[in-house]
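Asks: the following comprises the amino acid sequence and a computationally predicted model.
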Amino acid sequence: MAIVAVSLSCGMIIKYHQKIEQEKLNAQNANEAKSKFLTSMSHDIRTPMNAIIGMTEMANYYIDDKEKVQDCLKKINDSSSMLLHLINNVLDMSEIENHELKLKESSFELRELVDKIYAVLEQTANAKKLTFEVRCEQIRDNRLIGDVVRLRQVLMNLVSNSLKFTPPGGKVGLLIRQEDNVESGYASFVIEVKDTGIGMKQEFIDTMIFKPFERDDTRYVNKTEGNGIGMSITKTILDVMGAGLQIESEAGKGTSFLIHVKLKVDSDDTCEEHNEINSIPNLEGKRLLVVEDNEINMEIIVSILERTQAEIKQAWNAEDALKIFEESEEGYFSLIFFDIQLPGMNGYEAVKIIRGMDRHDASEVPILAMTANAFSQDVEQSLSSGMNDHISKPIDIDVLYKKLQTYLC
């Protein structure tokens, strides 16, 4: 019995040491992957920042050349969008790791979604001398209900990857085809993103493609911008949507991503048609209070809001905002924008005080958070504090105007 006991103890010790060694190896691999990620992230952040700073200097130098300045501003805007997309991916990775990624359903038009994707990526394709085609086939249900932001993110990630890893002269295509409906009230779609790019090794597809911070180790990939998180985010979003993803690829011949997704059909014919991008609502006679402590941010939001013909009142901290609201007549303000990170009292605390005031408009006036706090828990905290909605910075003008139309028109 004693010999058996000793033998069992030795076996347990060996397994324990093997477990420790495996954990050390896993930790080492994770640290190496994150180090690669930080290196890539530093590069990817500096690339658009260099364009933004450089083009700003050029615009100042050629200030009297209207055509040159417009070209610089367009490139600044494109680089800013690239930087924002990168930041959003990092935020998504944090939500994924904390199991907080949630879908938000709304009505949208499929063809409008596809047109916007094409408009954003067309210039990238042209700059690389790629043929970029987008097609919708057999679409019987154009108005759908789903998380259009996440669906757009998936398609942007996949198409952007194809454009990135397809050498000049190649082809990239996005095809969306509606299948025969198998369930009442739903529409089934096949979405294919196909390219004639460098392709991937099967081993990478089988074991690495969906791991955060990982990239295929080829010469072309290593000299191409990227941080290895886009595919991980894409797979997670599709899993939450209940959508399937198939990948077919051959080194040197290209890659095909095939998505099968089911979406609700929006059968409400009374829904408003989508407004054109940047359609400015007429808010003449409306009074808006903007609470913001940053001078540049205040200048930007006031400039955007003034185009609506609304009357704008400014407050630079929560205490001033409370005083302005208390001293105003009931019903004076039509809507309030509140920053969150304010000196002294924060936006959450101030809104709770407003909602608790003994006047009828305190509970009725729409209050929208306008903040750089962009995580899902930040949105939930805004709503739980008494705010009606949440707008993340940097401000999307189209989203802002649609919010104004929702609450004031």
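Replies: Yep, that arrived. Numbering: from 1, shown residues only.

Asks: quick one, helices of the stretch 301-409 of the chain?
Replies: Ranges of helices in the stretch 301-409 of the chain, per DSSP state H, counting those that start in this stretch, are 318-327, 347-355, 360-364, 376-384, 397-408.

Asks: would you single out the least confident of those helices?
Replies: If the helices of the stretch 301-409 of the chain are sorted by mean pLDDT, helix 376-384 sits at the bottom with a mean of 82.

Asks: which helices and strands does that helix pack with?
Replies: Where contact means 3 or more CB pairs under 8 Å, 6 or more residues apart in numbering; DSSP states H and E, helix 376-384 is packed against strand 367-371, strand 389-392. Backbone N, C-alpha and C define where each C-beta goes, glycine included.

Asks: just those strands: most buried one?
Replies: Scoring the helices and strands packed on helix 376-384 by mean neighbour count under mean count of other CB atoms under 10 Å gives strand 367-371 as the most buried, with a mean of 23.

Asks: okay, E203: pLDDT?
Replies: For E203, the predicted pLDDT is 72.

Asks: any idea how far it is from S249?
Replies: Per CB to CB, to the nearest Å, E203 is found 11 Å from S249.

Asks: neighbour count winner among the two?
Replies: Comparing E203 with S249 by other CB atoms under 10 Å, the one with more neighbours is S249, at 21 against 9.

Asks: can you give me phi and psi for that one?
Replies: Per-residue torsions, S249: phi -150, psi 150 (degrees, to the nearest 10).

Asks: check contacts around it.
Replies: Neighbour list for S249: G199, M200, Q202, I205, T255, S256 [criterion: CB atoms under 8 Å, 6 or more residues apart in numbering].

Asks: please tell me the pLDDT value assigned to it.
Replies: At S249, pLDDT is 87.

Asks: beta partners of it?
Replies: Beta-bridge pairing for S249 (DSSP bridges): T255.

Asks: ok so, going back, now the two most distant members of the contacts of S249.
Replies: By the measure CB to CB, Q202 and S256 form the most distant pair in these, at 13.7 Å.

Asks: neighbour count: the two, which is higher?
Replies: Set side by side, Q202 and S256 show more neighbours around S256, with 16 against 13, by other CB under 10 Å.

Asks: quick check: the more buried one touching E248?
Replies: Yes - with contacts counted by CB atoms under 8 Å, S256 reaches E248, the gap being 4.6 Å.

Asks: so which of the helices of the stretch 301-409 of the chain comes closest to Y62?
Replies: helix 397-408 (25.5 Å).

Asks: now for the closest one, which elements pack on it?
Replies: Helix 397-408 packs on strand 335-338, strand 389-392, going by 3+ CB pairs under 8 Å, 6+ apart.

Asks: mind telling me what element K74 is part of?
Replies: helix 66-97 (DSSP states H and E).

Asks: how about K129: what's its closest non-neighbour residue?
Replies: Distance criterion CB to CB, 6 or more residues apart in numbering; nearest residue to K129, sequence neighbours excluded, is P168 at 4.5 Å.

Asks: so that neighbour makes contact with N126?
Replies: No - between P168 and N126 there is no contact under CB under 8 Å: 10.9 Å.

Asks: just the buried residues of stretch 61-70, please?
Replies: Neighbour-count burial for stretch 61-70, with 16 or more other CB atoms under 10 Å as criterion, is recorded at V69.

Asks: from the chain's centre, how far out does it sit?
Replies: Its chain's average C-alpha position is 32 Å from that of stretch 61-70, according to CA atoms, centre = their mean, to the nearest Å.

Asks: same question, stretch 387-404
Replies: So, by CA atoms, centre = their mean, the centroid of stretch 387-404 is 14 Å from its chain's centroid.

Asks: likewise for stretch 21-30?
Replies: Here stretch 21-30 is found 32 Å from its chain centre; the criterion is CA atoms, centre = their mean.

Asks: what mean pLDDT does it have?
Replies: Taken as a whole, stretch 21-30 has an average pLDDT of 73.

Asks: over to stretch 160-177?
Replies: If you average the pLDDT over stretch 160-177, you get 90.

Asks: off-centre distance for it?
Replies: 21 Å.

Asks: can you check stretch 45-60 too?
Replies: 22 Å.

Asks: do stretch 14-32 as well
Replies: On CA atoms, centre = their mean, the centre of stretch 14-32 falls 35 Å from that of its chain.

Asks: export that stretch as PDB, just CAs?
Replies: Output in PDB follows, covering the C-alpha atoms of stretch 14-32 (Å, rounded to 0.1, in the frame of the first residue of the first chain):
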ATOM      1  CA  ILE A  14       4.400  15.200 -12.300                       C
ATOM      2  CA  LYS A  15       0.900  16.300 -13.500                       C
ATOM      3  CA  TYR A  16       1.100  19.400 -11.300                       C
ATOM      4  CA  HIS A  17       4.500  20.400 -12.800                       C
ATOM      5  CA  GLN A  18       3.200  19.800 -16.300                       C
ATOM      6  CA  LYS A  19       0.200  22.000 -15.500                       C
ATOM      7  CA  ILE A  20       2.400  24.700 -14.200                       C
ATOM      8  CA  GLU A  21       4.700  24.500 -17.200                       C
ATOM      9  CA  GLN A  22       1.700  24.700 -19.600                       C
ATOM     10  CA  GLU A  23       0.300  27.700 -17.700                       C
ATOM     11  CA  LYS A  24       3.700  29.400 -18.000                       C
ATOM     12  CA  LEU A  25       3.800  28.600 -21.700                       C
ATOM     13  CA  ASN A  26       0.200  30.000 -22.200                       C
ATOM     14  CA  ALA A  27       1.100  33.200 -20.300                       C
ATOM     15  CA  GLN A  28       4.300  33.600 -22.300                       C
ATOM     16  CA  ASN A  29       2.400  33.100 -25.600                       C
ATOM     17  CA  ALA A  30      -0.300  35.600 -24.500                       C
ATOM     18  CA  ASN A  31       2.400  38.200 -23.500                       C
ATOM     19  CA  GLU A  32       4.100  37.700 -26.900                       C
END
